[in-house]
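Peer 1: Generate coordinates for the sequence data below:
(2 chains)
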Amino acid sequence: MKFSVTVTLKKDVLDPQGKVVQNTLINLGLDNLKEIRQGKYFEIEIDEKDQNTAKKKIDLMCKKLLANLIIENYKISKL
Amino acid sequence: MRSSVIVFPGSNCDRDISVALEKMQFKNQMVWHKDTVLPKSDLIVIPGGFSYGDYLRSGAIAGKSLIIDEVIKAANSGCLILGICNGFQILTETGLLKGTLLRNKNLKFINKDVNIKVTNNNTKFTSKYKANQILKINIAHNEGNYFTDRNHLDELCKDNLIAFKYCDEKGNINMESNPNGAIENIAGIYNPKKNILGMMPHPERMIDNLISNTDGADLFLSILN
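Peer 2: This is a model prediction of the structure:
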């Protein structure tokens, strides 16, 4: 079973990388751009038949390592 | 006094801190991150560097390594823990210190000598310094922008848990003297029991006039006291 995890900075945390990417895109002429926030993306394959159990395990992975909950949010999706 | 320095793949200040500790007459041992037994220590140092190449987040992987369980046990039983630079990042990832270290506000790696103020000299790490003494200490980091939530920041201020703040030569703490964007100019913090210190500046680089200055020496001499 395959899942994707997207980790993004929380709303009130400054994202200087996202800002630089945004400014560069604006410089390239894409001036209707409102905001860019940069994040991380993981694809995780897990040997588990039950989708709920699998999702719980991925959730634990996020909490334990993949995301730093002080500054980041995460979203799990089934692939 | 016995000290242990934890070494991870990618640590690169482990030798410097070991030289500093031995110069100050600590009996020092190096401990590999895969070890599961920690030698009896009065002080454990988590050194600077780029453990695991800063994969995922600075300090994230090292913060889950085998020896860390032992470090947490030692910390909870009152052993002194000092995390410098990447060591500070690792301590926040283990949860021993709250908050986290974000990318420098200017997105650049900063390597320079900066002024910091000793905001609390009433701890086991800083008793040899005068109150509000200004030190010149080297910083060398890409993620030194300390960030924490409002409640924890209030706790840090109320309980005097801020160890050092970035300042200018005269001791002014302001935006201009803040190299990395750290909240409240914070350069180092303690846990509530004040037996754990995490700091971005490198005191082990300031123990000899021949190569820099000796502003870092009193930190180690305070611990020995």
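
Peer 1: switch to C-alpha atoms for all contacts and neighbour counts from now on
Peer 2: Noted.

Peer 1: buried residues in the helix or strand of chain A with the lowest mean pLDDT?
Peer 2: None of the helices or strands of chain A scores lower by mean pLDDT, DSSP states H and E than helix A:16-27, at a mean of 91. The neighbour-count check on helix A:16-27 (16 or more other CA atoms under 10 Å in any protein chain shown) flags A:16-17, A:22-23 as buried.

Peer 1: Equivalent analysis for stretch A:2-18, please.
Peer 2: Buried residues in stretch A:2-18 (16+ other CA under 10 Å): A:3-9, A:14-17.

Peer 1: swap in stretch B:187-194?
Peer 2: B:187-191, B:194.

Peer 1: residues near B:Ile186, how many?
Peer 2: By other CA atoms under 10 Å in any protein chain shown, 26 other residues sit near B:Ile186.

Peer 1: on that earlier part again, is chain B contacted by the least confident helix or strand of chain A?
Peer 2: Yes - shown here: helix A:16-27 in contact with chain B (CA under 8 Å from any CA of the partner chain) through A:16-17.

Peer 1: What lies in contact with that helix?
Peer 2: A:31-33, A:35-38, B:103, B:105-107 (CA atoms under 8 Å, 6 or more residues apart in numbering or on different chains).

Peer 1: Mind checking which of those residues land in strands?
Peer 2: Counting by DSSP state E, no part of these is found in strands.

Peer 1: can you pull out the helices in the chain?
Peer 2: You didn't say which chain, so I picked chain A. Counting by DSSP state H, chain A has helices at residues A:16-27, A:51-61.

Peer 1: Let me rephrase: I mean chain B.
Peer 2: Using DSSP H, helices in chain B cover B:14-23, B:66-76, B:86-94, B:150-158, B:217-224.

Peer 1: Does the longest one reach chain A?
Peer 2: No - contact check for helix B:66-76 against chain A, using CA under 8 Å from any CA: none in range, with a minimum separation of 14.3 Å.

Peer 1: which helices and strands sit right next to that helix?
Peer 2: Under the contact definition 3 or more CA pairs under 8 Å, 6 or more residues apart in numbering or on different chains; DSSP states H and E, helix B:66-76 sits against no other helix or strand.

Peer 1: Show the average pLDDT along that helix.
Peer 2: What helix B:66-76 shows for mean pLDDT is 96.

Peer 1: Any buried residues in it, and which?
Peer 2: Buried-residue list, helix B:66-76, by 16+ other CA under 10 Å: B:67-69, B:71-72, B:74-75.

Peer 1: now that helix, how far from the chain's geometric center?
Peer 2: Centroid displacement of helix B:66-76 relative to its chain, using CA atoms, centre = their mean, to the nearest Å, is 17 Å.

Peer 1: Which pLDDT value goes with A:Lys11?
Peer 2: In this model, A:Lys11 carries a pLDDT of 89.

Peer 1: just to revisit the earlier point, could you dump the helices of chain A into a markdown table with distance to B:Asn138 added?
Peer 2: A markdown table is the format used below for the helices of chain A (distance: least, CA to CA, whole Å):
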| stretch | distance to B:Asn138 |
| --- | --- |
| helix A:16-27 | 24 |
| helix A:51-61 | 36 |
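
Peer 1: how about the residues of chain B that lie near chain A?
Peer 2: Residues of chain B lying near chain A (CA under 8 Å from any CA): B:56, B:60-61, B:93, B:99-100, B:103, B:105-107, B:148-149.

Peer 1: Greatest separation within these: which pair is it?
Peer 2: Within these, B:Ile61 and B:Asn106 form the most distant pair, 25.1 Å apart (CA to CA).

Peer 1: So these two - more neighbours on which side?
Peer 2: Here B:Ile61 and B:Asn106 are compared on neighbour count by other CA under 10 Å; more neighbours surround B:Ile61, at 20 against 14.

Peer 1: need the contact list for that one.
Peer 2: A:65, B:51-52, B:55.

Peer 1: Bridging across strands, which residues link to B:Lys117?
Peer 2: Beta-bridge pairing of B:Lys117, defined through DSSP bridges, involves B:Ile134, B:Lys165.

Peer 1: From the structure, what's the count of residues near it?
Peer 2: Neighbour tally, B:Lys117, other CA under 10 Å: 25.

Peer 1: Brilliant, that's me finished.
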